[in-house]
Each structure stands twice: as C-alpha cells, then as structure tokens.
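Engineer: This is a predicted model, with the sequence first.
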Amino acid sequence: MSEVREVVVLSAVRTAIGDFGGSLQSVEPSALAAITLKESVSRAGVNPADVGMVVMGTVIPSEKRSAYTARIAQIEAGIPCETSCISVNRLCGSGMQAIVNAAQGIMLGDHDIAIAAGVESMSNSFYAVPGARWGHKMGDGQLVDMMLAGLTDPFGTGHMGMTAENLADKYNVSREDQDALAMTSHQNAARAQAEGRFDSQIVPVEIKTRKGVTVFDKDEHVRADISIEKLSAMRPAFKKDGSVTAGNASGINDASSAMVLMERKAAEAKGLKPMARLVAYSHAGVAPEIMGIGPVPAVHKILAATGLSIEDIDVFEV
C-alpha cells in the first residue's frame, strides 16, 4: 500500500457570526458561503482552477436553491465549473466533516487541493407545509419549523436542550457551573474581540440596505456586558426546575467559513507556506438522549490512535 499523503492547511477564514434574526438575516447561505470560499482561495495563494474539490457542510434548508448551495457558492466564488463539489450533513459537525472529506480526497490522491467549508443561515430556515403538494382531504394543516425540527431529537427526547438537561443530571453539572462557564466564554470572547484577535480570521460581509451598504465584521453573539447576576436570573428554557437557560445554552446563529487544504509536498513545490497540518480525526456515536457527550469518546479514540495524552493537547475547542 502506498504511503498516505500528508494534508496541510493553507488558509482558514470565516464571516463574523450573526445573531438569529440579526445582521445576516437578509443574506442567503449560498452568497454567504461564496464570500468565504473566494477569500480562502485568495489567502492560500492557489489558482482557483487547481482546486480539485469543494466540500460544503450545511444542514437546514434556508433558501429556494438550498439543494445547490455548494455549487452556487463555488461558481460565484470564481472556482471553475470543472471543479467538483458536494454538500455534507453531519448536523452540528457538518463543517468538521467537510474537513474530513476534503482531507480524505487528498490523502487518497484524488486531488492535491480541496476546500472544506461550512455555512448555516438559521435566520432563514424554512417553514414546511406538509400535504400542500397534493392537498388536505380534511382537517387543519400545519407549518413545520425546519429549524426547530433540526433541533429536536427524532427519537423522543424532545428539544436538544433536553439532551443537555440529561447530561447535567447524569454528570451532576450544576446550574452555577453552567452559568460560570457561559460567563467565562462570553468574557473571553469579548476580550479577544476588543483586542482584535478575531480580525485576521474574519472576512467582512457587505450588506445592502435601503440606507446604503453596511459592513458586518464583528461577532454579534458575544455579550460583553454578561454577568452572573444576569445569567442566574434567567428561567430554565426546556424543563421546569431545569438548569439549561437561554444564557448558558448554545446560540442560534448565521455564518460561513472555509479552509484550503493541500498535499504537503505539492504545497512545498509551489513555495506555499502552511499554517497547520492535519494530524488525525475520529468519530464517535452515543445515545441520542445524551448526544452532547459525543466529543468525549471521539477524543478518547483520537488520542488512542495517535498515542497522545490529554496533557499533550494545549487547547480543546468544542
């Protein structure tokens, strides 16, 4: 068997993260993704025609052309029609799965350059009308919120917030600990934002309004004025006497990102300087009612595969 080819990262960019119903609500996901695709290629210093594959992680239908999100974004970003593309759906991990798929193609020698990307516009998530195509024989119809459908366990647990409640009960994670972590997260993000630490990651998005063009380049979901007092005053969002609130739960957001991956020797031959290399990846499945614990067995698997330990890792980003 031939030696597995090493994958390096040439560039990685993102838009700023928009709040639900916030600054990016008027931007279709294909347009949002095109912005980061184009910028990632520019920063990588590669010829768009040399890109062998675009892999786009995306989940919730949120524009009329959702089936073609990856293709539209690719072409609008200036990547030729001859380049292949594919959309992947691993729910919250779709962007990460895009990296895995893109890297696998490079490892196997299918191509030397691939782009892994992700986009979601939760603000534009569709409402579906079951039965509308053939008509209702009798009785009331309904609108189905496709965003909420994606945030609901199909096996009966209910909203994904309930899976967090289940984990809090199982591992004795207190409301106080959850609020403290949420506050620390917002404070760290606010400090990083104020110090300009995110600026190099973010590609600005120009948004046309009736008043002209505005530039969106700052994460909206960061709460610089957060406090334990404000967090502790919030009511449980998912069950009576629960511990998960709107303040310590995951946010609902809009954004896109993209990174250019390349085979190491091919990058060196072109004089391109990598910013990182892909060492390994892993997947793990857990019971649906505790889905949020999935990163734990996945980390254990990747440590076992690489011979690394927890102490060897400087940063875990979950």
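Structural biologist: Thanks, I have it. Residues are numbered from 1 along each chain as shown.
Engineer: gap between stretch 278-293 and the chain center?
Structural biologist: From the chain centre to the centre of stretch 278-293 is a distance of 15 Å (CA atoms, centre = their mean, to the nearest Å).
Engineer: Can you get me the start-to-end distance on that stretch?
Structural biologist: End-to-end distance of stretch 278-293 (CA to CA, to the nearest Å): 23 Å.
Engineer: buried set for it?
Structural biologist: Going by neighbour count (16 or more other CB atoms under 10 Å), the buried part of stretch 278-293 is 278, 282, 289-293. (C-beta placed from N, C-alpha, C; glycine too.)
Engineer: swap in stretch 33-51?
Structural biologist: Quick answer for stretch 33-51 (16+ other CB under 10 Å): 33-44, 46, 48, 50-51.
Engineer: so where's this protein uncertain?
Structural biologist: Counting by pLDDT under 70, the chain contains low-confidence ranges at 1-2.
Engineer: In helices, which of the buried residues of stretch 33-51 fall?
Structural biologist: Among these, the ones falling in helices (DSSP state H) are 33-44.
Engineer: could you dump these to CSV with distance to M162?
Structural biologist: Shown next, in CSV, are these (distance: CB to CB, whole Å):
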residue, distance to M162
A33, 31
A34, 36
I35, 35
T36, 33
L37, 36
K38, 40
E39, 38
S40, 37
V41, 41
S42, 43
R43, 41
A44, 42
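Engineer: Scan the chain for its longest strand.
Structural biologist: For the chain, the strand with the greatest residue count under DSSP state E is strand 253-263.
Engineer: That strand packs against which elements?
Structural biologist: strand 7-14, strand 18-19, helix 29-44, helix 94-107, strand 113-121 (3 or more CB pairs under 8 Å, 6 or more residues apart in numbering; DSSP states H and E).
Engineer: Just give me the residue closest to the centre of the protein.
Structural biologist: G95 (5.0 Å; CA atoms, centre = their mean).
Engineer: just the strands in the stretch 201-318 of the chain please.
Structural biologist: 205-209, 212-216, 253-263, 276-277 (DSSP state E, counting those that start in this stretch).
Engineer: Return the most buried member of these.
Structural biologist: Neighbour counts (mean count of other CB atoms under 10 Å) averaged over each of the strands of the stretch 201-318 of the chain peak at strand 253-263, with a mean of 27.
Engineer: any idea how far that strand is from the chain center?
Structural biologist: That offset, for strand 253-263, works out to 9 Å (CA atoms, centre = their mean).
Engineer: Please apply the same query to stretch 125-143.
Structural biologist: 30 Å.
Engineer: Flag every buried residue along it.
Structural biologist: In stretch 125-143, counting by 16+ other CB under 10 Å, buried: 125-126.
Engineer: quick one, domains of the chain?
Structural biologist: Split into domains by automatic domain parsing, the chain comes to 1-127+198-223+251-278, 280-318.
Engineer: which one of those lies closest to T163?
Structural biologist: Among these, the nearest to T163 by CB to CB is domain 280-318 (5.0 Å).
Engineer: Going by residue numbers, what spans are helices in this structure?
Structural biologist: For the chain, applying DSSP H gives helices covering 29-44, 69-76, 94-107, 146-150, 160-170, 175-194, 228-232, 264-269, 295-306.
Engineer: can you give me the angle the first one makes with strand 253-263?
Structural biologist: Helix 29-44 runs at 40 degrees relative to strand 253-263, counting by axes from the mean of the first three to the mean of the last three CA atoms, to 10 degrees.
Engineer: then helix 29-44 to CSV, C-alphas only?
Structural biologist: Output in CSV follows, covering the C-alpha atoms of helix 29-44 (Å, rounded to 0.1, in the frame of the first residue of the first chain):
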residue,chain,number,x,y,z
PRO,A,29,-26.4,31.0,2.6
SER,A,30,-25.0,30.4,-0.9
ALA,A,31,-24.0,34.1,-1.0
LEU,A,32,-22.5,33.9,2.5
ALA,A,33,-20.5,30.8,1.6
ALA,A,34,-19.3,32.3,-1.7
ILE,A,35,-17.6,35.1,0.3
THR,A,36,-15.5,32.8,2.4
LEU,A,37,-14.7,30.4,-0.4
LYS,A,38,-13.3,33.3,-2.5
GLU,A,39,-11.3,34.7,0.4
SER,A,40,-9.9,31.3,1.4
VAL,A,41,-8.5,30.8,-2.1
SER,A,42,-7.1,34.3,-2.3
ARG,A,43,-5.3,33.9,1.1
ALA,A,44,-4.0,30.5,0.2
